[in-house]
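[1] sequence? don't have it. structure:
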């Protein structure tokens, strides 16, 4: 893992699943901080993606922390299974969760890191009451469900509001930004307050190697 102040979390939703293990290893060699796995159930979001079996297979090939972003209707029913598969940290959504505090506490009881994600139309204010219990928060800068979407610039003020809330209530809590992150938008997200960037197609693409893509993102952030 790197010691850069801004962490990169490659999202394997955009990876080539025929060579998934190799691409994750390449991301590890390039200094990724963690591997981000988008879990979709076709109900909470209109798409299906991956389950615990993918996590279990990746656990055997990488030493990096594995992070599950649960875009699913009933995360409580699946947390234990993903934890057994090797997930190190969970992100659950504020939207549609029947008892967010219970979900967060059940994840922490498993000894896992936990964060709460909010969609573009959700106010950062909803995080205030739960923030003390969190290791990180995630601001979605696209509507969840699909990769290769364009960054919604209207979310930038919300990232700043979330940053101020974290600094006031829970310093040290991570602020993750996810959606449309590339060399142009990454500096905007960091300037707004993000300290973790989730990137999919900007890292896993046919135009360059994973190592070159990650270095391009880092260079953009350093400017």
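    That came through fine. If you're wondering where the values come from, they're calculated on a predicted model, not measured in any experiment. Numbering: from 1, shown residues only.
[2] helices along the chain, start to end?
    Taking DSSP state H as the criterion, the chain contains helices spanning 20-29, 52-59, 79-85, 100-109, 156-169, 186-192, 210-222.
[3] the inter-axis angle of the last one versus helix 20-29?
    Angle, helix 210-222 to helix 20-29, by axes from the mean of the first three to the mean of the last three C-alpha atoms, to 10 degrees: 40 degrees.
[4] I'd say residue 192 and residue 159 touch.
    Yes: the pair residue 192 / residue 159 is scored as a contact, 3.9 Å apart, by C-beta atoms under 8 Å. Placement of C-beta: from N, CA and C, glycine included.
[5] now list whatever residues contact both of these two.
    When contacts are counted by C-beta atoms under 8 Å, 6 or more residues apart in numbering, residue 192 and residue 159 are jointly contacted by residue 177.
[6] leaving out sequence neighbours, find the closest residue to residue 149.
    residue 142 (3.9 Å; C-beta to C-beta, 6 or more residues apart in numbering).
[7] wait, isn't that neighbour in contact with residue 180?
    Yes: counting by C-beta under 8 Å, residue 180 is a contact partner of residue 142 at 5.2 Å.
[8] okay, these two: which has more neighbours?
    residue 180 (24 against 19; other C-beta atoms under 10 Å).
[9] before we move on, back to that, closest one to residue 73 among the helices of the chain?
    helix 100-109 (12.2 Å; C-beta to C-beta).
[10] now that closest one: buried residues?
    100, 103, 104, 106, 107 (16 or more other C-beta atoms under 10 Å).
[11] just want to know which of residue 192 and residue 159 has more residues nearby.
    The residue with more neighbours, out of residue 192 and residue 159, is residue 159; 23 against 20, by other C-beta under 10 Å.
[12] so who does the more buried one touch?
    139, 141, 175, 177, 189, 192, 193, 194.
[13] who touches both of residue 142 and residue 180?
    Overlap of the contact sets of residue 142 and residue 180 (by C-beta under 8 Å, 6+ apart) consists of 149, 150, 151, 152.
[14] buried ones among these?
    For these, buried by 16+ other C-beta under 10 Å: 149, 151, 152.
[15] quick one: the first one from residue 197, how far?
    The span separating residue 149 from residue 197 equals 15 Å under the rule C-beta to C-beta, to the nearest Å.
[16] wait, residue 12 sits on residue 36?
    Yes: using C-beta under 8 Å, residue 12 makes contact with residue 36 at a distance of 7.0 Å.
[17] the two: which has the busier surroundings?
    residue 36 (27 against 24).
[18] state the number of residues packed around residue 28.
    The burial count for residue 28: 19, using other C-beta under 10 Å.
[19] my guess is it contacts residue 65. True?
    No: here residue 28 does not reach residue 65: they are 10.7 Å apart, not a contact under C-beta under 8 Å.
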